[in-house]
Structure formats: structure tokens, C-alpha cells
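In: Prediction below, plus the sequence it came from.
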Amino acid sequence: MEKTRVLFICVHNSARSQMAEAFLNRHGGGHFAAESAGLEPGALNPLAVRALAEKGIDIAGKPTRGIFELLRRGELFAWVITVCDESQAAGCPIFPGIVRREHWSFPDPAAFSGSEEDRMEQVRRLRDRIEARVREWLRSRGEEPSA
């Protein structure tokens, strides 16, 4: 059975889209194949890497990617889900083509402030919100998320 391809995109592909990709591949991997990209790929957010590692997901060596790389290769996706903050929505990339689109607003961890531990706690809350949203999305598609 061919898996339904889903692309998560945000501005930098450094945290939110990476987390959403990881959780969809974990919880919906039987039926969905997720990837992620950004408009201006940056470096992985080390706090996002740590937060996912706490859930047993290792993205430490995963490169960030730009949407233009996927466009040049002619990649096709059934779903494109943007995960930019509402305040960044105007700059959130749009992937062309005949796809179903959704927007999930999540704050940008690069804007979190406070001590490293304060920022880490904010990233953990963001991680948990993203995971819950992925699980909810799967249920809305008639899929039972894997544990």
C-alpha cells in the first residue's frame, strides 16, 4: 500500500516542522510518510533536538531543507501543513500544486526567552502541543495513532 505523503513547512525548518514530521512518522507511519522543509532553512534548534530526544526521537544529524529543493526535484505531496505562528503567517511558505492544505499555528521557539531551562520548558510544551495536534489530525482522518 502506498503511503500518503505529507509535507510540514515553516520558515526555517529548524524546530516546528521537524517535530511535526517526526511525530507523524512515529504515530502514522503505517499509512503516512512525512517530510519537512522551510523557506529559509537554518540550523536545527538544539532545544528541539533535546526535546525530541526525551521522547526517543533522534533528529540530531538531520539536515534542514528548503522547499525550493523539493520543488526542483518535482516532489508531490497529498497534504501540505504549515506550522508557522500566526504572526509569521504572511512569511510562511506555500507549496504549489494540487494538494490539501492546512495551517497549524505554533509559536517559533527561536523567539522564546528566559534562561536555557525556561526556554527548554517552553520547547517541551510546544513539542507536546505538536504531538497532540498530529494525533488529533490522524484521528480526524480515521486513523488510530500508534503509541
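Out: Cool, the structure landed. Owing to the predicted nature of the structure, the values given are computational and were not obtained by experimental measurement.
In: how distant is the helix or strand where Ala51 lies from the center of its chain?
Out: Assigning secondary structure by DSSP states H and E places Ala51 in helix 46-53. Centre-to-centre, helix 46-53 and its host chain are 13 Å apart (C-alpha atoms, centre = their mean, to the nearest Å).
In: give me phi/psi at Arg72?
Out: In terms of degrees, to the nearest 10, the main-chain angles of Arg72 are phi -60, psi -30.
In: List the residues that contact Leu7.
Out: Listed by C-beta atoms under 8 Å, 6 or more residues apart in numbering, the contact set of Leu7 reads 34-37, 70, 75, 77, 79-81, 95. All C-beta atoms are positioned from the backbone trio N, CA, C, and that covers glycine.
In: let's see it at 7 Å
Out: Counting by C-beta atoms under 7 Å, 6 or more residues apart in numbering, Leu7 touches 35-37, 77, 80, 95.
In: Check His12 too.
Out: By C-beta under 7 Å, 6+ apart, the contact list for His12 reads 38, 40-42, 64.
In: one step back: buried set for the helix holding Ala51?
Out: 47-49, 51-52 (16 or more other C-beta atoms under 10 Å).
In: Alpha carbons of stretch 43-61, in PDB - could you do that?
Out: C-alpha atoms of stretch 43-61 as PDB (Å, rounded to 0.1, in the frame of the first residue of the first chain):
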ATOM      1  CA  ALA A  43      20.300  25.200  11.700                       C
ATOM      2  CA  LEU A  44      18.400  22.700  13.800                       C
ATOM      3  CA  ASN A  45      17.300  24.300  17.100                       C
ATOM      4  CA  PRO A  46      19.300  22.400  19.800                       C
ATOM      5  CA  LEU A  47      16.400  22.700  22.300                       C
ATOM      6  CA  ALA A  48      14.100  21.000  19.800                       C
ATOM      7  CA  VAL A  49      16.700  18.200  19.300                       C
ATOM      8  CA  ARG A  50      16.800  17.700  23.100                       C
ATOM      9  CA  ALA A  51      13.000  17.800  23.400                       C
ATOM     10  CA  LEU A  52      12.600  15.100  20.800                       C
ATOM     11  CA  ALA A  53      15.400  13.000  22.300                       C
ATOM     12  CA  GLU A  54      13.400  13.000  25.500                       C
ATOM     13  CA  LYS A  55      10.600  11.200  23.500                       C
ATOM     14  CA  GLY A  56      13.100   8.800  22.000                       C
ATOM     15  CA  ILE A  57      13.300  10.500  18.600                       C
ATOM     16  CA  ASP A  58      16.800  11.400  17.300                       C
ATOM     17  CA  ILE A  59      17.000  14.200  14.700                       C
ATOM     18  CA  ALA A  60      20.400  15.400  15.800                       C
ATOM     19  CA  GLY A  61      22.000  14.600  12.400                       C
END
